[in-house]
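[1] kindly return the folded structure for what I paste below:
(chains A, B, C and D, ligands or ions: 4)
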2 protein chains.
Amino acid sequence: MLKISELAAKTGLSTHTIRFYEKHGLINASERSEAGYRYYDDVDIRRAQFVKTARNIGFSLDDISQLLSIRVDKTSHSCQEVTDITQYKLDEVNARLVELQSMQNTLEILLESCCGGPENATHCSIMDALEAGDVKSTRSAA
Amino acid sequence: MLKISELAAKTGLSTHTIRFYEKHGLINASERSEAGYRYYDDVDIRRAQFVKTARNIGFSLDDISQLLSIRVDKTSHSCQEVTDITQYKLDEVNARLVELQSMQNTLEILLESCCGGPENATHCSIMDALEAGDVKSTRSAA
DNA sequence: TATAAGCTTAGAGTTAGCTCTAAGGTCAAC
DNA sequence: GTTGACCTTAGAGCTAACTCTAAGCTTATA
Ligand SMILES: [Zn+2]
Ligand SMILES: [Zn+2]
Ligand SMILES: [Zn+2]
Ligand SMILES: [Zn+2]
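    Numbers count the residues shown, from 1 in each chain, chains lettered A, B, ... in the order given. Ligands and ions are numbered 1, 2, ... in the order given. Below is the predicted model of the structure:
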């Protein structure tokens, strides 16, 4: 049985974050001392580590909620449900990648066009490009 | 002279956003009617379009503040200041790209490992991987 | 003249995921 | 028996960039 700071040390989550996750139903302490101290058993610890791992991959807390409800009763859930969540996340990531690559491209072109020197910016081609608006839009949803 | 909704139509910003940008010093209406209505002249309009363009590229409002203060007095600012802002943004974008590519990679590997079928998730390799924690961490700063 | 559309303001709410504070109780060590 | 580290709670604050609301003027149209 670990106390909260020990679970924090073990998982790399802060105690604040652990309590925050508890409030959101992601993890919990199956025991409490008389004084109200949280105590985590092996099952709790594995669940906390699962959350941390999923979080590291980039799943949102909502995604993780769904994964956890599959996890507690795997026989009632299908592989397809798991891949759906994962595929949806991948789609999000890919969409964001497209945006960022477009930003990267635009910024690189801007940087190439400007001398970057110490003279004043009256002739600056980056400023000119921003002024002219002839740059492609890279944002749809941040 | 445009009224706020006309400027909104012209720039693609909402009237709310225009007022929000004004509150943050990005744009302003050089005239007001007796009733207090905002009126935007050509200079205002060009500034608003500059902001929109910079925003489309992905610059933050803080970045844009800096770009605008260069813009209003280009002789007092150098190309280097402009490239510094741009390069800094590009560095940010590249850092985020690395994270997202790592996420993409991890998610693809997970998806390949799972059958995605309708059977129950007791054998699911995605769940197993999350359980084992043997996935690389993709997040540093979101 | 009445109705609707549009404008004003200050300020609150949204999102996600923490992060921190205050005020106080508990526990082990010296 | 008293430090000091650790625990508890409710709730506020943070970031970024909006987004919306309420309450009340103004302006254009029919
Ligand atoms: Zn130059
Ligand atoms: Zn330049
Ligand atoms: Zn399967
Ligand atoms: Zn599976």
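
[2] quick one: buried residues of stretch A:96-106?
    Of all the residues in stretch A:96-106, those buried under the rule 16 or more other CB atoms under 10 Å in any protein chain shown are A:Arg96, A:Leu97, A:Glu99, A:Leu100, A:Ser102, A:Met103, A:Gln104, A:Thr106. From N, CA and C alone the C-beta is placed, and that goes for glycine too.

[3] nearest to ligand 2 among those residues?
    For the buried residues of stretch A:96-106, the closest approach to ligand 2 (CB to the ion) belongs to A:Thr106, at 15.2 Å.

[4] show me the buried residues of stretch A:96-106 that map onto helices.
    Here DSSP state H is the test, and the buried residues of stretch A:96-106 give A:Arg96, A:Leu97, A:Glu99, A:Leu100, A:Ser102, A:Met103, A:Gln104, A:Thr106 as lying in helices.

[5] for the residue of chain A found nearest ligand 3, grab the count of nearby residues.
    Nearest to ligand 3, among the residues of chain A, is A:Cys79, at 3.2 Å (CB to the ion). Per other CB atoms under 10 Å in any protein chain shown, the neighbour tally for A:Cys79 reads 23.

[6] that one and B:Cys114 touch, don't they?
    Yes: if you go by CB atoms under 8 Å, A:Cys79 and B:Cys114 touch, sitting 5.5 Å apart.

[7] so what sits against both of those two?
    Here A:Cys79 and B:Cys114 have B:Cys124, B:Ile126 as joint contacts, going by CB atoms under 8 Å, 6 or more residues apart in numbering or on different chains.

[8] A:Val82 sits in which helix or strand?
    Counting by DSSP states H and E, the element that carries A:Val82 is helix A:79-113.

[9] returning to what we had before: can you add distance to chain B and give the buried residues of stretch A:96-106 back as JSON lines?
    Output for these, formatted as JSON lines (distance: CB to the nearest CB, whole Å):
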{"residue": "A:Arg96", "distance to chain B": "6"}
{"residue": "A:Leu97", "distance to chain B": "5"}
{"residue": "A:Glu99", "distance to chain B": "8"}
{"residue": "A:Leu100", "distance to chain B": "5"}
{"residue": "A:Ser102", "distance to chain B": "9"}
{"residue": "A:Met103", "distance to chain B": "4"}
{"residue": "A:Gln104", "distance to chain B": "5"}
{"residue": "A:Thr106", "distance to chain B": "5"}
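
[10] can you redo these as TSV with pLDDT and distance to DNA strand C?
    Below are the buried residues of stretch A:96-106 laid out as TSV (pLDDT from 0 to 100; distance: CB to the nearest atom of the strand, whole Å):
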residue	pLDDT	distance to DNA strand C
A:Arg96	96	13
A:Leu97	96	18
A:Glu99	96	17
A:Leu100	96	18
A:Ser102	95	23
A:Met103	96	20
A:Gln104	97	24
A:Thr106	96	25
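
[11] fine by me, thanks again.
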